[in-house]
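**Student:** My questions are about this predicted structure, shown below with the sequence.
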Amino acid sequence: LRHGFMTVGPSGGGKSSAKEMLLNAMAKLDGVNDKYSKTRQWIMNPKAITMGQLYGEFDENTHEWTDGILCVLYRSAMNEFAQNESTDRQWLLFDGPVDA
């Protein structure tokens, strides 16, 4: 399943602490309740890179496609999941400011 959500608030408002608390609770319930499992985080700041670096881009000169960081992280998460036959959840997190 693919789901997305945003946690929005001021700096120091507890967003990261709430996320860490949820991750810890899910890890503790792993094996106790089938709904919960350990979670692997893949974190990046999308504002620290260009759109091409984030999603990938086509080079007009060489006619080659270069994968972006999001594609590479997604592929890494799925490979880890498949190779280890893991039941752990994989979260790709964009940790950075939100444009209005």
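**Tutor:** The structure has been received and is ready for your questions.

**Student:** Burial check on the closest residue to Val98 other than its chain neighbours, number of neighbours?
**Tutor:** Closest residue to Val98 apart from its sequence neighbours, by Cβ to Cβ, 6 or more residues apart in numbering: Val8 at 6.3 Å. To be clear about C-beta, it is placed using only N, CA and C from the backbone, and glycine gets the same treatment. Neighbourhood size, Val8 [other Cβ atoms under 10 Å]: 7.

**Student:** One more: Ser17?
**Tutor:** Neighbours around Ser17, by other Cβ under 10 Å: 10.

**Student:** Same check on Gly9?
**Tutor:** 9.

**Student:** so what's it up against?
**Tutor:** Residues in contact with Gly9 (Cβ atoms under 8 Å, 6 or more residues apart in numbering) are Lys15.

**Student:** measure Thr87 to Leu73 for me?
**Tutor:** Using Cβ to Cβ, to the nearest Å, we find Thr87 at a distance of 20 Å from Leu73.

**Student:** So which of these two has more stuff around it?
**Tutor:** Neighbours of Thr87 and Leu73, each counted by other Cβ under 10 Å, are more numerous for Leu73; the result is 17 against 11.

**Student:** count of neighbours near Ile69?
**Tutor:** The number of residues packed near Ile69 is 16, by other Cβ under 10 Å.

**Student:** Roughly how far does it sit from Phe58?
**Tutor:** Noted for Ile69: a distance of 16 Å to Phe58, by Cβ to Cβ.

**Student:** Look at Trp42 and tell me its secondary structure.
**Tutor:** Using DSSP: H, G, I helix; E, B strand; the rest coil, the structure places Trp42 in strand.

**Student:** That one contacts Val72, doesn't it?
**Tutor:** No. If you go by Cβ atoms under 8 Å, Trp42 and Val72 don't touch, sitting 9.7 Å apart.

**Student:** what about the two, which has more around it?
**Tutor:** Legend: neighbour count by other Cβ under 10 Å for Trp42 and Val72, higher for Trp42 (16 against 13).
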